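*Asks:* got a predicted model here, sequence first, then my questions.
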Amino acid sequence: DIKGFVFDLDGVITDTAQFHTKAWSKLADQLGVQWSTELQNGLKGLSRMDSLELILKTGNKENDYSQAEKEKLATQKNNLYLQFVQTITPADIFPGIKEFLDELNQHGYLMSIASASKNAPTVLDKLELTDYFEHVVDPKTLKRGKPDPEIFIKAAEIIGLKPEQCIGLEDATAGIAGINAANEVSLGVGSPDVLTEADMVFEDTNKITLANIEANMNK
Ligand code: B16
Ligand code: MG
């Protein structure tokens, strides 16, 4: 039986994915790396340093920078990202998500955050959702990033559940892969053409309700 929900943050609860994209594409331009939708989708869910590595690899530049230079580039991206984050308000919560969180609370489901982002607590704060998420996996404690299942297993653990008792929500293909590998039910938020491995996909966040999830579980 499902007893908990494990949420990715960026791209599931709010559109910070667009801010990550803006900040990374600006850096890619600066580094002379060709931006593409494929690269954009591949970056979703990856940790900051894994994201930078993927951008450099895409431009065949993985050996062009020292570790210190890479740290500097990542910090530069993060500073720009944080400027965008300052503009976030509760009105930026995706449609229907707050209502879904209330529905989960009313029915006694447990919930936690499985975000690769070190900025997740700041974003939750800007959205005024901190009270909903007492349990947030600290990405600093992870050995491996998404698509590894580690973060999703931890997210179940911190609410005292087995992965099989949880549904994981993700907008990234790397995240869906992690949820599946963790043995949780995967709920994709986005395009079914992209999130082909998800157990169910919702393009419209308004449609994410317990009734609609149950209807999909029986398919
Ligand atoms: P930060 P999620 C991920 O968050 C984002 O999808 C990804 O684009 C970002 O690079 C990563 O967090 C790290 O974020 O640089 O803020 O630590 O989708 O797992 O919530
Ligand atoms: Mg995401």
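*Replies:* Right, received. Where do you want to start? Computed from a predicted model, the values in this text were never measured in an experiment. Ligands and ions are numbered 1, 2, ... in the order given.
*Asks:* pretty sure Phe94 is touching Thr14, no?
*Replies:* Yes: the criterion here is CB atoms under 8 Å, and Phe94 meets it with Thr14 at 6.0 Å. Backbone N, C-alpha and C define where each C-beta goes, glycine included.
*Asks:* quick one: the helices in the protein?
*Replies:* In the chain, the helices defined using DSSP state H lie at 16-31, 37-43, 48-58, 67-85, 97-106, 120-126, 150-157, 173-182, 210-217.
*Asks:* quick check: mean pLDDT of the last one?
*Replies:* Average pLDDT, helix 210-217: 97.
*Asks:* number the residues from 19 up from this point.
*Replies:* Noted, 19 is the first residue going forward, which turns the last one into helix 228-235.
*Asks:* and that helix, how far from the chain's centre?
*Replies:* Here helix 228-235 is found 22 Å from its chain centre; the criterion is CA atoms, centre = their mean, to the nearest Å.
*Asks:* for the residue lying farthest from the centre of the chain, what are its contacts?
*Replies:* For the chain, the largest distance from the centre (CA atoms, centre = their mean) belongs to Asp82, which lies 28.9 Å off. Shown in contact with Asp82 (CB atoms under 8 Å, 6 or more residues apart in numbering): Leu74.
*Asks:* so for it, what pLDDT did the model give?
*Replies:* What the model reports as pLDDT for Asp82 is 97.
*Asks:* these two touch, right, Leu160 and Phe170?
*Replies:* No: the pair Leu160 and Phe170 fails to qualify as a contact (CB under 8 Å) at a distance of 10.7 Å.
*Asks:* looking at those two, which one has more neighbours?
*Replies:* Phe170 (28 against 16; other CB atoms under 10 Å).
*Asks:* and for the residue nearest to that one when sequence neighbours are not counted, the neighbour number?
*Replies:* Among residues not flanking Phe170 along the chain, Ala200 sits closest, at 3.9 Å (CB to CB, 6 or more residues apart in numbering). By the criterion of other CB under 10 Å, Ala200 has 23 neighbours.
*Asks:* with the one 3 residues further on instead?
*Replies:* A total of 22 residues lie near Val203 under the criterion other CB under 10 Å.
*Asks:* residues in contact with it?
*Replies:* Contact partners of Val203, counting by CB under 8 Å, 6+ apart, are 20, 184-186, 197, 217-218, 235.
*Asks:* which residue is the nearest non-sequential neighbour of Ala134?
*Replies:* Nearest one to Ala134, counting by CB to CB, 6+ apart, is Ser65 at 5.0 Å.
*Asks:* look at the one you found and report its pLDDT.
*Replies:* If you check Ser65, the pLDDT there is 93.
*Asks:* from Thr214, how far out is the closest residue to Ala195 other than its chain neighbours?
*Replies:* Nearest residue to Ala195 in three dimensions, chain neighbours excluded: Pro165, at 3.8 Å (CB to CB, 6+ apart). Distance of Pro165 to Thr214, given as CB to CB, to the nearest Å: 14 Å.
*Asks:* hmm, back to that, the residue nearest to Phe170 contacts Glu188, doesn't it?
*Replies:* No: judged on CB under 8 Å, Ala200 makes no contact with Glu188 at a distance of 11.0 Å.
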